[in-house]
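Asks: Sequence plus predicted model, see below.
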Amino acid sequence: MEGVNVSTHPEVPGEPTQTSTALLEKATAAVQGFGPVNKIHQHLCAFHFYGHDMTRQVEAHHFCGHQNEEFRQCLIYDRPDDDGRLIGLEYIVTEELFLTLPDEEKRLWHSHEYEVKSGVLFLPGVPGPIQRQDLDKVAKTYGKVIHFWQVDRGDELPLGIPQVMMALTRDGQLYDNLAKNVEERYSVSFATERENRAYIKGPAHGVHPMANGGGKGLKTVLREVDCKPVDTAARVFV
């Protein structure tokens with residue numbers, strides 16, 4: 001797919017971090033624990049698009065940690081350096097856990113089989129054989145992604161309501177210039193990795209038809225509701 005919709009890196013408004021603030025951070029870091037963050041064990045690079053608009057594609061850097069063998073959680077940044085913006089998060093579950101979800105919930109989750117087998121999901125700097133040991137597991141999982149910051153449109157702050165994101169499921173979806181930009185910066189070849197990952201299998205039962213938005217657009221919207229008690233609702237008197 002051709003296109004120029006490449007993620008931007010907007011300048012966040014505000015005064016530069018003061019020396020006193022930096023010193024305070026060093027002091028607190030010396031005495032506090034950061035258990036949840038310290039569980040992060042890997043960095044994955046992938047691409048997301050808005051559930052209702054595939055033309056808006058975003059480079060997404062995942063920093064993930066396992067809760068257990070069937071569940072991992074990831075912080076998502078627009079870039080992996082010290083200036084990266086925290087733009088969202090992703091929960092990743094095994095096929096077994098995914099199948100326990102209600103059908104309506106399944107629509108909010110996306111499959112990872114294509115991302116892995118196509119080569120576009122990778123671990124920067126990690127040798128291919130080591131990557132593939134983990135990605136063989138990832139290919140069989142499903143993820144739920146929420147983005148809070150729409151950096152692709154140049155927002156300087158996280159504006160609007162959170163949006164459900166989706167992932168690539170077939171050839172021809174990813175913008176060529178976005179793919180080439182990432183390949184050049186990380187010295188990777190998606191085509192080569194596609195060949196090396198040909199043996200990898202997806203979910204045992206195939207990609208569930210309700211996943212990936214059920215094949216339809218999916219947009220998060222905000223609407224007002226009447227919070228008054230419903231007359232027909234059962235009431236309990238004490």
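Replies: That came through, no problem.
Asks: what are the ranges of the strands in this protein?
Replies: For the chain, the strands defined by DSSP state E cover 42-50, 53-68, 71-77, 86-93, 110-111, 142-147, 163-167.
Asks: okay, now residue 130: neighbour count?
Replies: By the criterion of other CB atoms under 10 Å, residue 130 has 10 neighbours. For every residue, glycine as well, the C-beta is placed using N, CA and C.
Asks: which residue packs closest to it, ignoring adjacent ones?
Replies: residue 123 (7.9 Å; CB to CB, 6 or more residues apart in numbering).
Asks: The one you found is in contact with residue 41, isn't it?
Replies: No: the criterion here is CB atoms under 8 Å, and residue 123 misses it with residue 41 at 10.7 Å.
Asks: who's more crowded, these two?
Replies: residue 123 (20 against 11).
Asks: roughly how far apart are that one and residue 90?
Replies: 15 Å (CB to CB, to the nearest Å).
Asks: so who does the residue lying closest to residue 67 once chain neighbours are set aside touch?
Replies: Leaving aside its chain neighbours, residue 67 sits nearest to residue 73 (6.4 Å; criterion: CB to CB, 6+ apart). Contact analysis of residue 73 by CB atoms under 8 Å, 6 or more residues apart in numbering lists 64, 65, 67, 89, 90, 91, 92.
Asks: can you tell me how far the third one sits from residue 35?
Replies: Okay, so that is residue 67. 12 Å.
Asks: Among these two, which residue is more densely surrounded?
Replies: Using other CB under 10 Å, the more surrounded residue of residue 67 and residue 35 is residue 67, with 13 against 7.
Asks: Most tightly packed of the strands of the chain?
Replies: strand 110-111 (a mean of 26; mean count of other CB atoms under 10 Å).
Asks: So which elements touch it?
Replies: The contact analysis (3 or more CB pairs under 8 Å, 6 or more residues apart in numbering; DSSP states H and E) places strand 110-111 against strand 142-147, strand 163-167.
Asks: mind giving me TSV with the ones you listed and columns for distance to residue 119 and mean pLDDT?
Replies: Below are the helices and strands packed on strand 110-111 laid out as TSV (distance: least, CB to CB, whole Å; pLDDT from 0 to 100):
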stretch	distance to residue 119	mean pLDDT
strand 142-147	18	98
strand 163-167	14	97
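Asks: Can you say which of those strands is nearest to residue 48?
Replies: Judged by CB to CB, the one of these that comes nearest to residue 48 is strand 163-167, at 4.1 Å.
Asks: Paired strands for that closest one, with orientation please.
Replies: strand 42-50 (antiparallel), strand 142-147 (antiparallel) (DSSP bridges).
Asks: Pull the distance from it to the chain's centre.
Replies: Remark: strand 163-167 is offset 8 Å from the chain centroid, using CA atoms, centre = their mean, to the nearest Å.
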